[in-house]
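Enquirer: based on what follows, work out the 3D shape:
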Amino acid sequence: MDTNLVLFIASVFLGLVFIGVAIPLIQKRIPPNQFYGLRIPATVADETVWYEANARAGKDLLRLGLLLMVVGVGLYFAKVPLWLKVMVWFVVVEAGLIGMLVRNWRFANRSFKVQQRRDEESA
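Expert: Numbers count the residues shown, from 1 in each chain. Just a heads-up that it's a prediction; the model follows:
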């Protein structure tokens, strides 16, 4: 099979997986658990933070999935060496996941602090 086609199929498949994982998170249908979602100290400590941070992470994951599919189509038709296509693909995936993690970790930590203040004020 043509390596260019494999990269295209991998992009579309991984993009669809990201989107499929993202949708229940966006809809806040995933309760706190041990396996699925943004599992960091702030989200595990507070259920409200869990749902808000995971909904936001889901939206970011949805965008990354769509971006990955667009990049896959663009790379399929690009007239550049295969090694460059693979490098671009990996950079998009890794930078997207790392950026998403950092962004949502920070959001969850901020949300947790706000929630703690609210809880202290109401007590």
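Enquirer: ok, which stretches of the chain are helices?
Expert: 3-26, 41-45, 47-77, 82-122 (DSSP state H).
Enquirer: using a markdown table, lay out those helices together with mean pLDDT and mean neighbour count.
Expert: Where C-beta positions appear, they are placed from N, C-alpha and C, glycine not excepted. Listed next are the helices of the chain as a markdown table, based on pLDDT from 0 to 100; neighbours: other Cβ atoms under 10 Å:
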| stretch | mean pLDDT | mean neighbour count |
| --- | --- | --- |
| helix 3-26 | 97 | 16 |
| helix 41-45 | 96 | 18 |
| helix 47-77 | 98 | 19 |
| helix 82-122 | 96 | 14 |
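Enquirer: make JSON lines from these and add distance to residue 33 to it.
Expert: Converted to JSON lines, these look like this (distance: least, Cβ to Cβ, whole Å):
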{"stretch": "helix 3-26", "distance to residue 33": "11"}
{"stretch": "helix 41-45", "distance to residue 33": "10"}
{"stretch": "helix 47-77", "distance to residue 33": "9"}
{"stretch": "helix 82-122", "distance to residue 33": "16"}
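Enquirer: of all those helices, which one is nearest residue 35?
Expert: Judged by Cβ to Cβ, the one of the helices of the chain that comes nearest to residue 35 is helix 3-26, at 11.5 Å.
Enquirer: show me what that closest one is packed against.
Expert: In terms of contacts (3 or more Cβ pairs under 8 Å, 6 or more residues apart in numbering; DSSP states H and E), helix 3-26 is packed against helix 47-77, helix 82-122.
Enquirer: looking at the helices of the chain, which is nearest to residue 32?
Expert: helix 47-77 (4.9 Å).
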